Structure formats: structure tokens, C-alpha cells
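1. Would you be able to build a 3D model of this:
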Amino acid sequence: MAAAARSACDRACSSLLCLVLVLLAVAPAPAAATSGVFEVRRKFTRHGGGGGGEGHLAALREHDGRRHGRLLAAVDLPLGGSGLATDTGLYFTRIGIGSPAKGYYVQVDTGSDILWVNCVSCDGCPRKSNLGIELTMYDPRGSQSGQLVTCDQDFCVATYGGVLQSCTSTSPCQFAITYGDGSSTAGFFVNDFLQYNQVTGDEQTTPANASVTFGCGAKLGGDLGSSNLALDGILGFGQSNSSMLSQLAAAGKVKKMFAHCLDTVNGGGIFAIGNVVQPKVKTTPLVPDMPHYNVNLKEIDVGGTALPLPTNTFGSGNTKGTIIDSGTTLAYVPEAVYMAIVTAVFDKHQDISLHKFEDFDCFQYSGSVDEGFPEITFHFEGDVSLNVSPHDYLFQNGKNLYCVGFQNGGLQSKDGKDMVLLGDLVLSNKLVLYDLENQAIGWTDYNCSSSIKIKDDKTGSTYTVNADNISSSGCKFDWHKSLILLLATTDAALLRRAADAADRSAGHTAPHPNFGCVVARPHLGTDNAEAWVVGEGSLYAQGTPCAELLAAREAGEHARGATAYLNLEPGDCYGDSTAVTSLVQAGITRVVVGLRHPLKHLRGKAIQSLRNEGIQVDVVGEDLHSKLFKEALKSCLIVNAPLLYRAAFRVPFSVLKYAMTADGKIAASSGHASWISGKSSRDRVFQLRGRSDAIIVGGNTVRRDDPRLTARHVKDGHVPVRIVMSQSLNLPEEANLWNVHDAYTIVATQRGARRDIQKQLALKGVEVVEFDMLNPRDVMSYCYDRGYLSVLWECGGTLAASAISASVIHKVYAFVAPKIIGGANAPTPVGELGMNQMTQAIDLIDVSYEQIDRDMLMSGFIQPIPDLSPVIPSVDEMPSVDPEVSPYETNIISFYKTWDTFGAFSNFSPHPIHMPDENGEHFTWPTVEHYYQAHKFIGVDIPQAREIVQEIKLAKSPEEAARIGRTRQREFQQLVRPDWDSIKIDVMYRAIKCKFSTYSHLTDMLSSTAGSVLVEASPHDLFWGGGREGEGMNYLGRLLMQLRSEILGTIQTTVPV
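-> Model prediction:
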């Protein structure tokens, strides 16, 4: 692919086929961005369960409110009828302008028209941005192709409907826009080359350019001049002839049509300019002569029943219309419509009472919202419908707390008419097509992580555009790192700083983990994340103040409204809630957590306590995603690797350290080993000792080297305990380690070994511990019981091999000196492991190299850092379902969407099964979901029930089958078989057993997961799925694990209900 792309870069560009913008959203794992295309990321994200809390919902409304203040405001000098912009749109990208091209960060906005960027000598234009990007001012004189647009040129005449008064041939064509909130921009138009990439093949692009007229901002006012959210400009995708899209279309470069698709499940999506031919999209006409994308809404259904609204509620033509706006987060309807929707949604839940929370109508509910509430359908002109599922219009804002996403009125046009505005709440996970060629807009449910097909109307060729792997490697205009997600860079950087703070106390904190806390205020008006920090703290040692208290105390009044960054969830235990209390009392409004606490009795406890106090808590990997957070998460994992290994394996984190020559010797044949490595390397060893709770050596090391094993030369160095493993107690009477004034010493030996030596050691203050069978595993269990977090092994090859074989060594530090000593009998770092072939060798993980003066330090993990999250309650019960599941090392495999890695485990996967129908005759059911939903009604001797079964059997998709089954179950309880609740698990098990028995590759896939917990990661289904916060029962995952056990012959039981 890279070679093909480079070849394409060398070819002359004949025509622009389409323009593609790859979207990366802050949702569950983002799609991988690639070079050679415009990358776009979302500025805001909708939080799921537990991710909200007080302030989050208000922030959504505030965002929409600011946008609507501009979206519906008057414009001083309208450009082509709209020219409206907003500072709170969802998408950002980086474009190239000029010759030579320079990069400019611009906001992508469907609610405005022109492209404009800030220019040199601009009055009020920001010079810095808190988004972590470097702003660039456009200089027309610095571009070889830049030209001033004068007021008598065609573009200016068309924009203003004629030649302006007092216009001369040298006067610039000026623009000025004033928004409803007082913000403004003004300047003049210029013409220059816009650099972009054209699609020239499947997943392949080539750089090209086109002449485009755009605004050169000379003066900014209001929020647009603030550095908080500053960008270089705005890229409008409105309908007017002044837009970039219209100009490219007029030049014959593209069709005047574009589409976007936002994936809120996996993150990612596509924003494409051009003729999208796959998937097919059904469209509805746009209301003519409207500044926005208005359509005619005809009717609203709730659960298949039309709302009883007056016929003129929505109006038609240009009198009202409904605005489609991807830049709005929620959905807004007039009060009468809102009340009708709420009444219909809760019609079958008379026991539910609504209460206000952040001006949202909220309620308590413990079941699955998709099972318990109806779907809402908007019907538009042209027989076009838009379906909204309950999990889309009901926001989960904490455990069992849901809020209605539709908003009650308050949105009016300039002439005072009530309006309907549908935003991201109803548009997510849909491909939305804007066909300005035919003045229509449409949508279809779609997997936004997959590909679409674009047609080149000049050649007739159709090309695949994939959000994940478009590539033009080697092309001149590579914007691979072009887009910065709002606050993502800052969040990640400050989270790493919290990990660094925690790391400074490593070795002091046992038995507690390493805690670090950073308090920051992102609104202080600087683009330097470090300058946002107002408080910082770390747990120094047991009994000292916690990191959260120290950071809040240092921040003082600046902590109010600030964000706290924690490398690890607070471990409030034994009634001590100081960490949570400190954050609450300080006025912290948001907390970013790197890792949930790995200990089961503490995991999620502090996070829930913070959320109960109304604090927004974002957890990396759950609420925050992207490569930036992967690096921050890695920092958090490494600093608390001791706790994670301890929690997973019930032994301390163990590091093997040795120094060797370039030919792999740790001593000469005579045994002499001083000094292999240089002084700088030895200083690093002292640092490693200072981070450890104990150092282990063997008796041979004591006899040969007489080490001291102290952390000397390290400022405030922790003094670790020294442990000598000696089975025979063949030890010298005098040794540096017997001097307990330097550090405490323990000798581990075989029970009954040389009582005389034991007595001598005891008289010197050395503790002797006897083991029934001295071995590394039992010694590490002893260290675990003493509360040690980290142990450093500085032993010889024989003991090192024994420890590795016992699986108690987790990481290796190898100092390699540029020396060769040879010697057939010279010792090596690791003794006999019983490996005879190189294929048996242990491969280190996450290897790193560091030059230390003349030496080389190589480090790597033998065992990966345990991933103890996400964990759901049913995980604790899994060993009873599948004995292959370890109670200590839990590996979780999640599945949900059919396109996931293990998506074939979903009931929606396209694997037909041959099983009996309502007549007892074998029938080919399209999916397991068809079979399961139909059996809710099979056996009920009522004609309507049989009709529902037939309707489900004929459903074109599993989604449709599920919708029919759930809807009919809610509407006609009398048609559901009375024993359904008691047999539904058995029905499901028979279906999935048939499915996996029919397809051998599925059997192999299921068998390959042995030892792992399977979790259906549905955030909405609390019976079959795991839920958002692990509150779900995960019965589908349980059944799959039971089936896996049967396949592997390990157990044959039934899942407990």
C-alpha cells in the first residue's frame, strides 16, 4: 500500500474524485488515523453510565445553547444567505493553504458557509490555544499563489448581489459577521490554493490542489478571540455559493454533496465530499430558501403509535421546518411535543416518577431501557423515517439513573416560531447524506467504522474509502498529526504528570500503592498544560497525608471548579475516606482516573462515591480513548505495576537485575565480578534498590562478593530489607549483610538447617525464617504476607533460573558492559532452564534500551502487566461456570457489535441456524436473535401471537427482529408465553449451541478463549449483557462459557439463575 501511494504521489493529478475527512471520536476505542487525508475529531462526547454527574448534563446544554445563540442569530453581511458560524461545533481538521502550503487548524461546521482563517496583523486574534496546537497566521504575501480579491470581482459581486458602493478596482472585498452572543469576525477575501487529497483507488489517495476564495480574518471579537478553544479558523459546509464545497463543485472538482457518519460505540467515522453510492440512502427534500438544513417533519411515533398532535404542529414549506444539525449534541422540540413524547414513553411505567436534575427530566430504573421503553420514530416528507432507540434518547447518568435527552422547548427562530432541532443524539451511528445537487438530505443506520464507496462521475469508477486504513504514505502533504482533540492532549499530559508524581515515592509507600494527584484549571488562558497546574501531591509513605489532600491543600481556592488527575483510583478503606472527602470539599468538579483500583473490595468504590457527590469522573479506557490516552495509561500501569502484579498473582512485583559482559558473563572463571559495569550503571542500581521493599540474593553471592546491598548515594533513598536464601546455611560468620545498622536482614533457610549458625545470626540481629521446602515461590509468598510491593533479585544464575522457572520474576534489567572476558566455566546470568531449542526461549515484552555512559541497559517484562479491568460482578462467579477461569488473573474478552474481533459471538451475527419453528418443523432462522425473539410467542394459541412469530421470521435483519420482539412484548403482554422468564435461558442456550455446532470455525474461535471471561459488552441490557458499570448479569457471556466448557469437556452444568 505504501509503495502504491508513493507511486500515486508521483503521478500528475487529473481530476479530484472526492475529498475525505477521517473522523476520530471520543467513544469506546478510536479508529486508527492515517496520513494523507484530513483528520477530524470530536470536541465533545456523550458520556454513558457513570460518566455524567452534576455538571456534565449542564455542559451539554451550555454547549448547545452557545451554538444556537449563533446558529439562529442575525448576520450583518450575509454571504450567500447564511454565513453563520459557531465556536462550539464538533469537528476539527487541519488543511493546507498556500504555496508552499502551510497547515491551519479549522473547525468543520455544517452550520456556516465560508472558509476563513486568521491573518497576520490581526486585531484580537489569539496567538495561543489551550488545545495544545500551534496557531498559524495566514500571510497572503508569504504565499506565491495568494491574491487579494477586489470588490469588483465576480466572487464579491455574487456574494453581495451587486457591486458595492464606492468600490474601486483596487478596493478589497470585505466581510464582517456579528453573532448573537456578541462574537464577531471581519476581514477581506483572498484567493489561494487549497491543498487536499483526492481518492484515486481503493483506500488510496493522491495530493492535489484547487483555487479557493476564503476569508482573511483581520479582526476578531468576543469568544472567538479567546485562547481557551482557539483555532485558526472555520471551514463551513453550508449551502451558499461562497462555501468551499460550492466553489469546488463550480470548478467541476466534486459533486455538491457530502456525508458524515459518527460512531459512538467504537469511535471513528467518515466525513466525505463526493458522490456516495454505497450504502444507499433514502432522502427527503430540503426546505427551499432556508439558511440551514431544514426538512419537513410530518409525524412522530412512539412505540409505533403516532403522537396526538395538531396537524399544523410542525408546519411545512418555509414556515417552520426541522433543522438537522450535527453540531448540536441533544434534540430540541416544542413544549407540546416534548410533553406528548414523555407521556407516551412512560405510558407503561406509571410507577416511575420524574425529577429534575440539571434541568433534565430524570428517573430511577434498574432494567434494560431497550427492553422497557419504546422506540421513537420521526417521519419526514418522502416517506423517510428516522428511528431513535431508547439507549440513544435516555442518557444513563450514574447507576440506575437515566435522563431524557430530548429538550423541552425554548428554541425559536428570529420571527418567534417554535422550532425542532435534531442533533447528534439522533444522528449518531447513521450515515447522513447532504445532497445539495438535488436539494435533499437523508440517512441510514450504518457501521461508521466500516467503509463507504465513492463514485468518480468522470470515469465511472467506484472506490472504497475506509475510515481506518486510507493511506498515501510518502505523499507531500501528510497531515497525520493534524488534529488535536479538545483537552485530550492536556488530559493525557496531566495524567502522566500524576503518574510521575506517584513514581517519586516508589519504594516508600508499601503496603500502599503509588498515588499521585494533580489539580489543574484548564480555563486559565494559557496553552501550556503545565501552567494549568495549581496543586500537586503524592503519597510519601504509610501514615502520611494522601496525595489528594496534599494537592487540594496546595491548590487552595483555585481547586474550585478544577479537574483532579489521579494515576489510580483512591483506595479509601477501613473507613478512611480522606481522599474522596478532600476532593469534594476542595470543590473539584471533574476527576480523571488512569486506573480503577485492582483490589476487588476497593475497585470502583471511590469512583462511585465521587459520582454520588455530583463530580464527573472520567476513567481512561472507559470514558477517555485515543492513542494519547494509551500512553498515559501505560504510565499509570508502569508506576503501579507492583500493585497490579501483587493483586493478580499474590506475590510482590519481582525484578531480576544483573550486569554482564558483552559475551554474557557475570564474572570471570575465578568468580571475580568487580566491576563489570561502570559507575553510572551502579548508580542506577542504587536507584532500583531504593524503589524496592526487599533485595534477594543467594548464599553464593554472600560468600563470593560480600555485598552490602544498600541504596547509598540516592537522596532520600528507601532502605530495602535484605533477604539471603540459603538452604544449607553455609554462610560466612562475618559479612556486610550481618551489619543490621545499615539495613534489616532476613535469612531464609530450610527448616532445621544448622541451628548453630541460626543462633549466631540471631545474636547479630539477623532474622532467620525457616521454610518446610525453601524455594522462590514460598519466599515470595512470605514477602507478600509481609506487605512488600516490589522485590529486586540480585542473585546468581542458579537461583535466577529457579525463580524464573517458578514464574515469580516479572521484569528483567540487564546492564551490558562493552567487555569480553570469555571462559568456558565463567558464570552466566541465568542457569539451566531445561530449554533445548531457541523456539523455547522466553521473549521479553515491551523491551527498552538505554545508553548509560559506555554501558547499555536493556529492560523488558517476562510477564505482561496484568489487566485487571474491566471486571463485572459475574466474573467472581465464573470459576463455578468454567473451572479454566483463574480467580486471580482474569482476562476478559468483550463482544457486542458483529464487526468486533469476537463479534461472531453476538446473537446478531449472520449465522443461520436450522431449528424447529412454531409448528415443530425445522426452519432456517436467519440469526439466533430471530429464533430467540420468536420464541417469546411460540406456544401461545392465539392468532395474533402466531402473526407476530411470522413477522419476526420474515424480519430482514436481527435488529428488526429484536425491535419487533421487544415492542410486541411491551404492547401485548397477554401474547407472551406465561413461562417465558423461566425458559428464556434454556431457549437461548439451545440456539447458541446449534449455532456453534453448525459452524466449526465458530467452535474453534470459542475454544480459543479458554480461561478467559466472556462478556457481552451491552451497556443497556442488564440481563444478557454486562451493563455500563458492571451491574449487568452477563447471562449471554455465561452461556457461551458453559458451552465452551462442554466443548472442551471440562464441565457439564447449567448456569444458575
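2. CA only for contacts and neighbour counts going forward, please
-> Will do.
3. any idea of the mean pLDDT in the strand or helix carrying Cys783?
-> Here Cys783 sits within helix 776-785, counting by DSSP states H and E. Mean pLDDT, helix 776-785: 92.
4. Quick check: buried residues in it?
-> Using 16 or more other Cα atoms under 10 Å as the test for burial, helix 776-785 gives Pro776, Arg777, Asp778, Val779, Met780, Ser781, Tyr782, Cys783, Tyr784.
5. try stretch 613-626
-> Within stretch 613-626, the residues that qualify as buried are 614-626, counting by 16+ other Cα under 10 Å.
6. which helices and strands does the helix holding Cys783 pack with?
-> Secondary-structure packing of helix 776-785 (3 or more Cα pairs under 8 Å, 6 or more residues apart in numbering; DSSP states H and E): helix 797-805.
7. Dump the helix it packs on to PDB, keeping only the CA atoms.
-> The C-alpha coordinates for helix 797-805 follow below in PDB (Å, rounded to 0.1, in the frame of the first residue of the first chain):
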ATOM      1  CA  GLY A 797      22.500 -17.800  37.700                       C
ATOM      2  CA  THR A 798      21.300 -20.900  39.600                       C
ATOM      3  CA  LEU A 799      18.900 -19.000  41.900                       C
ATOM      4  CA  ALA A 800      17.700 -16.800  39.000                       C
ATOM      5  CA  ALA A 801      16.800 -19.800  36.900                       C
ATOM      6  CA  SER A 802      14.900 -21.300  39.800                       C
ATOM      7  CA  ALA A 803      13.000 -18.000  40.300                       C
ATOM      8  CA  ILE A 804      12.200 -17.800  36.600                       C
ATOM      9  CA  SER A 805      11.000 -21.400  36.500                       C
END
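8. right, and the helix or strand after that helix?
-> Past helix 797-805, the next helix or strand by DSSP H and E is strand 811-817.
9. Do me a favour and average the pLDDT over that following strand.
-> 95.
10. same question, stretch 419-437
-> If you average the pLDDT over stretch 419-437, you get 84.
11. mind checking how far the spatially most distant residue from the centre of the chain is from Leu539?
-> Distance from the centre of the chain peaks at Asp756, with 61.6 Å (Cα atoms, centre = their mean). The gap separating Asp756 from Leu539 is 43 Å, by Cα to Cα, to the nearest Å.
12. now do His1001
-> Between His1001 and Leu539 the computed distance is 51 Å (Cα to Cα).
13. What segments of the stretch 301-450 of the chain are strands?
-> Ranges of strands within the stretch 301-450 of the chain are 305-306, 322-324, 331-333, 355-357, 360-364, 376-380, 384-388, 394-396, 401-404, 406-408, 420-422, 430-435, 440-445, based on DSSP state E, counting those that start in this stretch.
14. can you tell which of these is closest to Gln198?
-> Nearest to Gln198 among the strands of the stretch 301-450 of the chain is strand 430-435 (19.3 Å), distances taken as Cα to Cα.
15. Direction included, what does that closest one pair up with?
-> If you go by DSSP bridges, strand 430-435 pairs up with strand 257-262 (antiparallel), strand 440-445 (antiparallel).
16. neighbouring contacts of the helix holding Cys783?
-> Residues outside helix 776-785 that contact it (Cα atoms under 8 Å, 6 or more residues apart in numbering): Arg646, Arg650, Val651, Pro652, Ala748, Phe771, Ser802, Ala803, Ala806, Ser807, Val808.
17. How about the contacts made by Glu613?
-> Listed by Cα under 8 Å, 6+ apart, the contact set of Glu613 reads Val584.
18. and the gap between it and Ala586?
-> 12 Å.
19. Same list (the buried residues of helix 776-785) but as CSV, adding distance to His355.
-> As requested, the buried residues of helix 776-785 are exported to CSV (distance: Cα to Cα, whole Å):
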residue, distance to His355
Pro776, 60
Arg777, 57
Asp778, 57
Val779, 58
Met780, 54
Ser781, 53
Tyr782, 54
Cys783, 53
Tyr784, 50
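20. where among the strands paired with strand 430-435 is the average confidence lowest?
-> Minimum mean pLDDT among those: strand 257-262, a mean of 80.
21. Dump it to PDB, restricted to CA.
-> Extracted as PDB, the C-alpha positions of strand 257-262 are listed here (Å, rounded to 0.1, in the frame of the first residue of the first chain):
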ATOM      1  CA  MET A 257     -22.800  16.600  -1.900                       C
ATOM      2  CA  PHE A 258     -21.100  15.300   1.300                       C
ATOM      3  CA  ALA A 259     -21.800  12.800   4.100                       C
ATOM      4  CA  HIS A 260     -20.800  12.100   7.600                       C
ATOM      5  CA  CYS A 261     -21.000   9.100   9.900                       C
ATOM      6  CA  LEU A 262     -20.300   9.300  13.600                       C
END
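22. Going by contacts, tell me the helices and strands next to whatever helix or strand comes next after it.
-> Counting by DSSP H and E, the next helix or strand C-terminal to strand 257-262 is strand 269-273. Using 3+ Cα pairs under 8 Å, 6+ apart as the contact test, the elements touching strand 269-273 are strand 19-24, strand 257-262.
23. strands paired with strand 269-273, and their directions?
-> With DSSP bridges as the test, strand 269-273 is paired with strand 19-24 (antiparallel), strand 257-262 (antiparallel).
24. Distance from the chain centre to the lengthiest helix in the chain, please.
-> Longest helix in the chain, counting residues (DSSP state H): helix 980-998. Here the centre of helix 980-998 is set off from its chain's centre by 33 Å, with Cα atoms, centre = their mean, to the nearest Å.
25. how about it: buried residues?
-> Using 16+ other Cα under 10 Å as the test for burial, helix 980-998 gives Ile985, Val987, Met988, Tyr989, Arg990, Ala991, Ile992, Lys993, Cys994, Lys995, Phe996.
26. what's the answer for stretch 751-761, then?
-> For stretch 751-761, by 16+ other Cα under 10 Å, it's Ala753, Ile757, Gln758, Leu761.
27. residue contacts, the third one?
-> The one in question is Gln758. Residues near Gln758 by Cα under 8 Å, 6+ apart: Val768.
28. from what I can see, it looks like it's in a helix, true?
-> Yes: using DSSP: H, G, I helix; E, B strand; the rest coil, the assignment for Gln758 is a helix.
29. From Arg708, how far out is it?
-> 20 Å.
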